[in-house]
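1. sequence first, predicted coordinates after that:
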Amino acid sequence: MIQVESWVILNFYTSFLLILLLIFQSNTSRLTKGRKYSAILVCTLVLLLSESIGRIGETHPDKYLILAQVGYYLIFFLDPVDILFAVNYVDCWMDEGNLKKRSFYRATFAAFAIINGITVTVSSVLKLKWFFYFEDGVYYRGEYFLLRAVALMIFIILLLVYAFRFRNNFMSEYKNSILCLPIFALLGALSQVFFANMATTYAGISIGCLILFFFFQSKDVNVDYLTGVLNRRGLDIKMEDKVKQSIYNGKNFSALMIDIDNFKSINDQFGHAAGDRAIKCMADILVNIFGDDAFIGRFGGDEFCVITDEIDEDETRSKIVRLHDEISRLRKKNGWPKAVDISCGYRVYDCKSGVSAEDFQKQIDKLMYEEKQIHHSAFS
């Protein structure tokens, strides 16, 4: 009877869980939250695979010692990065309160990850034996192994401290559930002290991610089902928040309304499946051009909205030109009618104006329709 070691079973099922979560949450991957969630999943999966190949190399050093060396190097290099990704994900569910204090915590996590990466790489390349090394095919802990292990445990604890310390900055509906990630990460790390031959830390992070998936990623009512960007509800919430923050902080922001001209002709000539693909392509283009810091959403039908801190009009115009260029490229590639283009309405919100979010939305909507009428007149 073949005996399978416990670490093999744990790593297999944990990896399987992570892969499923990556597949199921892919629809939100265009949102900042979705990308940060995916970063945790991917990093944890890489760590699990590294741990697995490291064990294989350690078990068969005569043939696969290089696997052990590469596997353990990646583990030592990426462990703090996984924690940093978790911090970034937790942070994206918070409001803009206590930004200075929170930035200090985040900078500390980032500094630890960078210093760790440099020292682990230097030790491995120069064979300094600081953290781990192999002699005659046997794995040994280096002189600074325990120091690094204690530091890593402290930073896992600090992840929970960070979430608890700034719990009042979480959006109210997420305040308690978000703690699942740091709690299970800590429980997994503590369990690994007693079960050194099993990757319980990664299993703990994976369970935390699973719970978050059911609470947030799979049930985010602010996500458009087709494109994975914000929907109308999510946009309305973000616009309200930005207006309040602008008035309070005295910082302007800008917003754009974008409509696909003659979108109906795509549906009529190529079918609704082609129309859906066009909508998805438009979302991808907006994300690529305006980046992670902008709030991008589908306002409805073939209309999109972008809310951004960019208030330089020249920079915004250049991005609008890029939008036209990308649509032109897609039009030629897919054989769409010549009239297919975009209309944009753009305005900077004046923090001193006191204009409501609803009225500001109407202003940029009106500007977009004015441009749309000009485009229609040109092709009529």
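-> Happy to help now that I have it.
2. list of residues touching stretch 9-24?
-> By Cβ atoms under 8 Å, 6 or more residues apart in numbering, the surrounding residues in contact with stretch 9-24 are 38, 41-42, 44-45, 48-49, 51-52, 198-200, 202-203, 206, 209-210, 213, 217-218. Placement of C-beta: from N, CA and C, glycine included.
3. try 6 Å this time
-> Leu41, Thr44, Leu45, Leu48, Ser52, Met198, Ala203, Ser206, Cys209, Phe213 (Cβ atoms under 6 Å, 6 or more residues apart in numbering).
4. give me the secondary structure label for the second one.
-> Three-state assignment for Thr44 (DSSP: H, G, I helix; E, B strand; the rest coil): helix.
5. that one against Ile205, yeah?
-> Yes - under the criterion of Cβ atoms under 6 Å, Thr44 makes contact with Ile205 at 5.2 Å.
6. avg pLDDT for the helix or strand containing Ala185?
-> Here Ala185, judged by DSSP states H and E, is contained in helix 180-194. The average pLDDT for helix 180-194 rounds to 85.
7. give me the contacts around it.
-> Under Cβ under 6 Å, 6+ apart, the answer for helix 180-194 is 86, 153, 156, 159-160, 163, 200-201, 203-205, 207-208, 211-212.
8. scan those residues and report the most crowded one.
-> Counting neighbours by other Cβ atoms under 10 Å, Ile205 comes out on top of the contacts of helix 180-194 with 31 neighbours.
9. which ones are touching that one?
-> Taking Cβ under 6 Å, 6+ apart as the contact definition, Ile205 lies against Thr44, Ala185.
10. Asn116 now?
-> Asn116 neighbours (Cβ under 6 Å, 6+ apart): Pro80.
11. gap between it and Val193?
-> From Asn116 across to Val193, the span is 20 Å (Cβ to Cβ, to the nearest Å).
12. same question, Ile307
-> Note on Ile307: its distance to Val193, by Cβ to Cβ, is 46 Å.
13. the more surrounded of the two?
-> Ile307 (23 against 11).
14. excluding chain neighbours, what is closest to that one?
-> Spatial nearest neighbour of Ile307, excluding adjacent residues (Cβ to Cβ, 6 or more residues apart in numbering): Phe295 at 4.2 Å.
15. test my guess that that neighbour contacts Lys238.
-> Yes - Phe295 is within contact range of Lys238, at 4.5 Å (criterion: Cβ under 6 Å).
16. got any residues that touch both of the two?
-> Common contacts of Phe295 and Lys238 (Cβ under 6 Å, 6+ apart): Ile307.
17. now do stretch 284-294, average pLDDT.
-> 85.
18. buried residues in it?
-> By neighbour count with 16 or more other Cβ atoms under 10 Å, stretch 284-294 contains the buried residues Ile285, Leu286, Val287, Ile289, Phe290, Ala294.
19. assumed Leu226 was part of a strand.
-> No - Leu226: not assigned to a strand; according to three-state DSSP it is coil.
20. okay, now it: neighbour count?
-> Neighbour count for Leu226, taken as other Cβ under 10 Å: 13.
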